[in-house]
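Novice: Sequence first, predicted model second:
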Amino acid sequence: MGRSASRKTKPPVDWSVRSPLRQSRLGDQLYEQILEKIVSGGLPEGGKLPPESRLCEVFGVSRPVVREALSRLQADGIVVSRHGSGSFVQRRPNKAFSLLAPIGDVADLMRCMEYRIALEGEAAFLAADRRTDGDLKMMAQALQDLDKVIASGEVGGEADRSFHLAIASAAQNRFFMHAMETIAEHTMKGMELARKLSLRRSVQRLHLVQAEHVRIFKAIETRDANEARDAMRTHIDNARLRILTNSMEP
């Protein structure tokens, strides 16, 4: 038998669309369908995605829509673009991701976290300058509640959200609170997803999250506005990475 006949070839990735893409939010939907191929193992780490022209043909969308979806996958650390070679899978989310995160919600959760980086970063900046002793007590209580849920092995989404709301309140600008209320559902989903994935990984993950909270608190307590902003932005960006990748050890 010749060498070429003995080689094993991988079956091609099934790029069939489960349901027709709607005309609204095409970029989000394409993002989610490609992500689903990666999470399911249809595309392994290092695997190459079809060229843009092929994705346009398969999904029935324009090239700008394809580029938007690929750009978002790149921003989330899932796909990397190599000049002249195409797009490749850089990281595959933890297997638990597919059990805990409805693929149809992922695009909104990631875009919400991008918004939160800007929104809550500025809220923390202002909170460091305007906070009262009462505000600090509310934050400290939320941190204590988080310590308790970590010790008991619970998720602690409500306590986590309480900490972030206390900071928004300390900014002394009602529009920050209004904005937090508007995105409350997506914020809670993102927090619970990140914490559940951390619990499946190791309790040390939640201790790392708590250390990030403490860094934010100390910056606000000492009225270091720039540090408070940086600590908050880093914390939310790390949460995004903890959801979508296997990074952020342990």
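Specialist: Okay, I see it.
Novice: Scan the helices and strands of this protein for the one with the lowest mean pLDDT.
Specialist: One helix or strand of the chain scores below all others by mean pLDDT, DSSP states H and E: helix 3-6, with a mean of 48.
Novice: Following element in sequence after it, please.
Specialist: Per DSSP states H and E, the first helix or strand lying C-terminal to helix 3-6 is helix 26-39.
Novice: hey, C-alpha coordinates of that following helix in CSV?
Specialist: Presented in CSV, the C-alpha positions along helix 26-39 are these (Å, rounded to 0.1, in the frame of the first residue of the first chain):
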residue,chain,number,x,y,z
LEU,A,26,-25.8,39.0,12.2
GLY,A,27,-22.4,39.6,13.7
ASP,A,28,-23.4,38.3,17.1
GLN,A,29,-25.0,35.2,15.5
LEU,A,30,-22.1,34.4,13.4
TYR,A,31,-19.8,34.9,16.4
GLU,A,32,-21.8,32.4,18.4
GLN,A,33,-22.0,29.8,15.6
ILE,A,34,-18.2,29.8,15.1
LEU,A,35,-17.7,29.7,18.8
GLU,A,36,-20.0,26.7,19.1
LYS,A,37,-17.8,24.9,16.5
ILE,A,38,-14.7,25.6,18.7
VAL,A,39,-16.3,24.7,22.0
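Novice: got any ranges where the chain has weak pLDDT?
Specialist: Residue ranges of the chain with pLDDT under 70: 1-24, 94-104, 245-250.
Novice: Helices of that one, start to end?
Specialist: Shown for the chain, the helices assigned by DSSP state H span residues 3-6, 26-39, 52-59, 63-75, 96-100, 103-130, 133-152, 157-170, 174-182, 184-201, 203-221, 225-244.
Novice: and residue 61, how many residues sit next to it?
Specialist: As a burial measure, residue 61 scores 19 neighbours (other C-beta atoms under 10 Å). (Each C-beta comes from the backbone N, C-alpha and C, glycine too.)
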